[in-house]
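*Asks:* I'll drop the sequence and a predicted model, then ask my questions.
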Amino acid sequence: MHNFNTLEDFKLWKETIEKQTTSLYVKNTGSKSDKTGGTIAYFYCHRNGYYNTTGDKKRNMKMAGSNKINGNCPSKMKVYEDIESKVTVEFTKNHVGHGINLGQMKITREEKENIARKLENKIPIAAILDDIRNSVNEKLEIIHLITRQYIKNIKVEYNISSDGILDTNDVVSVTKWVEGLRNRRFSCSSLQGPEHFR
């Protein structure tokens, strides 16, 4: 059982757990009210569930792969927020039916905001990418696979106006970078490449 004074504290903890476990926890349905006036929400592992797509979605799934494992993963968070905004979490940690797949992950809010701050300070995109990739230590994380296009999308999302040149060969360059890592001491066999960040 985990207790937090505010919902924001819970969100920060959740992001830490997602980063540590290389997973995401998502709500499939809205929060429900209980008799005491509080709310209950369930966050499930994003790999949990079955895929059934048609048309364009089916073609996109073939290209990038599906998040779903076509089965059930028991890992979840049961989140109770009381009328004083205090949060209690029952966390089922163990994952079943899938391994680590960085290609299906997203960077954290903190990482995205850190990139946005650098863009606001007019740090070139190439320098931001170099700094990120040079930060690889013992563990390869999803942040290390982002592309110039992804950073460009952050500029748009945060309405940042600064100079930067988009490299049309960016996905190719990231793919080569990942291949280089595979030849080093990092275990990257589960990587699916940069398609997630186009």
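*Replies:* Noted; the coordinates are in hand.
*Asks:* state the distance from residue 83 to residue 26.
*Replies:* 25 Å (CB to CB, to the nearest Å). C-beta: built from backbone N, CA, C; applies to glycine.
*Asks:* residue 147 now?
*Replies:* For residue 147, the distance to residue 26 - CB to CB - is 23 Å.
*Asks:* pick out whichever of these two has more residues nearby.
*Replies:* Set side by side, residue 147 and residue 26 show more neighbours around residue 147, with 23 against 11, by other CB atoms under 10 Å.
*Asks:* quick one, strands of the protein?
*Replies:* 2-4, 25-27, 32-33, 39-45, 76-81, 87-92 (DSSP state E).
*Asks:* closest to residue 107 out of those?
*Replies:* Across the strands of the chain, residue 107 has its closest neighbour in strand 25-27 (15.3 Å, CB to CB).
*Asks:* still on that earlier bit, of the strands of the chain, which approaches residue 128 most closely?
*Replies:* strand 25-27 (27.6 Å).
*Asks:* neighbouring strands - and their directions - for that closest one?
*Replies:* Strand pairing for strand 25-27, determined by DSSP bridges: strand 39-45 (antiparallel).
*Asks:* kindly export the strand it pairs with (C-alpha atoms) in CSV.
*Replies:* The C-alpha atoms that make up strand 39-45 are tabulated as CSV, following Å, rounded to 0.1, in the frame of the first residue of the first chain:
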residue,chain,number,x,y,z
THR,A,39,-13.0,8.3,-6.2
ILE,A,40,-11.5,5.0,-7.3
ALA,A,41,-9.6,4.6,-10.6
TYR,A,42,-7.7,1.7,-12.1
PHE,A,43,-4.5,2.0,-14.1
TYR,A,44,-3.5,-1.1,-16.0
CYS,A,45,-0.3,-2.1,-17.7
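*Asks:* use 9 as the first number for this chain going forward.
*Replies:* I'll keep to 9 as the first residue from here, and by that count the last item is strand 47-53.
*Asks:* in that strand, what's buried?
*Replies:* 47, 49, 50, 51, 52, 53 (16 or more other CB atoms under 10 Å).
*Asks:* ok, and the closest non-adjacent residue to residue 98?
*Replies:* residue 86 (4.2 Å; CB to CB, 6 or more residues apart in numbering).
*Asks:* wait, what's in contact with that neighbour?
*Replies:* 48, 49, 50, 97, 98, 99 (CB atoms under 8 Å, 6 or more residues apart in numbering).
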